[in-house]
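Student: Okay, structure incoming, though there's no sequence with it:
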Ligand SMILES: Nc1ncnc2c1ncn2[C@@H]1O[C@H](COP(=O)(O)OP(=O)(O)OP(=O)(O)O)[C@@H](O)[C@H]1O
């Protein structure tokens, strides 16, 4: 197992958002976390990446106990995360974004100033990564001019620049139109090779198309786990979603 949690819990002022979760993610799998709004998916994600510290329980990543470790240490173990909320520099080009991400993976990234010559070294690799996410043609435009789906693709390129063993995707298709959703599914299929992917995803056709394994959360707990076909026909899952809708 590349990711394992045991009894993982997170409470906010007495409210338990993640409740004794035992999650096991197999190496090479695309593992989806689904569940109705407020089920605890994002909180669990934040616990896996170190953005939140658990109230109880343990997390291990690639055999290392990372319980309570800061995000930087977890990232150094080969874990990269693509954020739901884009955090790009409007005026930097796509090429510059990826070059800086690549630079960040080296010791040079800690220097305040780096020569153009050094940046040039990353030029080719950045081009390859942009090509991988379908943005090669737009390499010289400022990120601020990109459409929403393209910004998400750029974010993925920035995560891939870290060459992660584990890629965590937080609602990669949120806010996308059908065409971008389909493109993103194809993209994830391409970049999953040699990696483990954990994704939080609301769109069930995306989950169906990508996930080897699905964990359904409800009220912070694991409700059901299995393949997509197993969980989609499970009466508890149907109930959880219908219950969520009627309450909304
Ligand atoms: N920082 C926080 N302080 C207090 N409560 C929080 C905090 N973060 C999350 N919660 C609560 O924990 C519960 C789980 O939230 P979380 O965002 O993890 O759910 P989710 O499954 O990701 O939902 P969604 O699908 O709507 O994104 C919610 O009831 C939320 O209000």
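Tutor: Received, thanks. Since we're looking at a predicted model, the values are computed, not measured. Numbering: from 1, shown residues only.
Student: Next up, phi/psi of residue 167, please.
Tutor: Backbone torsions of residue 167, given as degrees, to the nearest 10, read phi -120, psi 120.
Student: Pull up the distance across stretch 231-238, start to finish.
Tutor: 9 Å (CA to CA, to the nearest Å).
Student: close to the ligand, is stretch 76-95?
Tutor: No. Applying CB under 6 Å from any ligand atom, one finds stretch 76-95 separated from the ligand by no less than 8.5 Å. Glycine gets a C-beta too; all of them are placed from N, C-alpha and C.
Student: Quick one: mean pLDDT for stretch 213-231?
Tutor: Taken as a whole, stretch 213-231 has an average pLDDT of 95.
Student: Then stretch 121-130?
Tutor: 90.
Student: how about residue 100, what does it touch?
Tutor: Residue 100 is in contact with residue 92, counting by CB atoms under 8 Å, 6 or more residues apart in numbering.
Student: now swap in residue 168 and tell me
Tutor: Contacts of residue 168 by CB under 8 Å, 6+ apart are 45, 48, 49, 79, 80, 81, 82, 197, 198, 199.
Student: so which helix or strand takes in it?
Tutor: In this assignment (DSSP states H and E), residue 168 forms part of strand 166-170.
Student: what sits up against the following helix or strand past that strand?
Tutor: With elements assigned by DSSP H and E, the helix or strand that comes after strand 166-170 is helix 178-191. The contact list for helix 178-191 (CB under 8 Å, 6+ apart) reads 30, 132-134, 148-149, 152-153, 156, 160, 167, 169, 172-173, 176, 197, 199, 203, 205-206, 209-210.
Student: try it again with 10 Å
Tutor: 30, 129, 132-134, 147-150, 152-153, 156-157, 159-160, 164, 167, 169, 172-177, 195, 197, 199, 201, 203, 205-210 (CB atoms under 10 Å, 6 or more residues apart in numbering).
Student: next helix or strand past it?
Tutor: With DSSP H and E, the next secondary element past helix 178-191 is strand 196-200.
Student: touching the ligand at all, that following strand?
Tutor: No. With CB under 6 Å from any ligand atom as the criterion, the ligand is not reached by strand 196-200; the gap is at least 6.5 Å.
Student: What's the mean pLDDT across that strand?
Tutor: 95.
Student: Now do that strand against helix 178-191: the angle between them, please.
Tutor: When axes from the mean of the first three to the mean of the last three CA atoms, to 10 degrees is applied, the directions of strand 196-200 and helix 178-191 differ by 150 degrees.
Student: what does this protein have sitting close to the ligand?
Tutor: Going by CB under 6 Å from any ligand atom, the residues of the chain near the ligand are 12, 15, 17, 35, 37, 38, 39, 40, 41, 42, 43.
Student: pLDDT score for the third one?
Tutor: In the prediction, the pLDDT value recorded for residue 17 is 97.
Student: One more: the first one?
Tutor: The model reports residue 12 with a pLDDT of 95.
Student: Could you shift the numbering so residue one becomes 12, and keep it that way?
Tutor: Right, with 12 as the first residue, what we last looked at is residue 23.
Student: so it makes contact with residue 66?
Tutor: Yes. With contact defined as CB atoms under 10 Å, residue 23 counts as touching residue 66 (8.9 Å).
Student: which residues of the chain fall in strands?
Tutor: 14-23, 26-32, 35-36, 41-45, 67-72, 75-76, 90-93, 177-181, 207-211, 224-229, 232-237 (DSSP state E).
Student: what separates the fifth one from the chain centre, distance-wise?
Tutor: In this case it means strand 67-72. 18 Å (CA atoms, centre = their mean, to the nearest Å).
Student: Can you say which of the contacts of helix 189-202 are buried?
Tutor: Applying 16 or more other CB atoms under 10 Å to those, the neighbour count classes 41, 140, 143-145, 160-161, 163-164, 167-168, 170-171, 175, 178, 180, 183-184, 187, 206, 208, 210, 212, 214, 217-218, 220-221 as buried.
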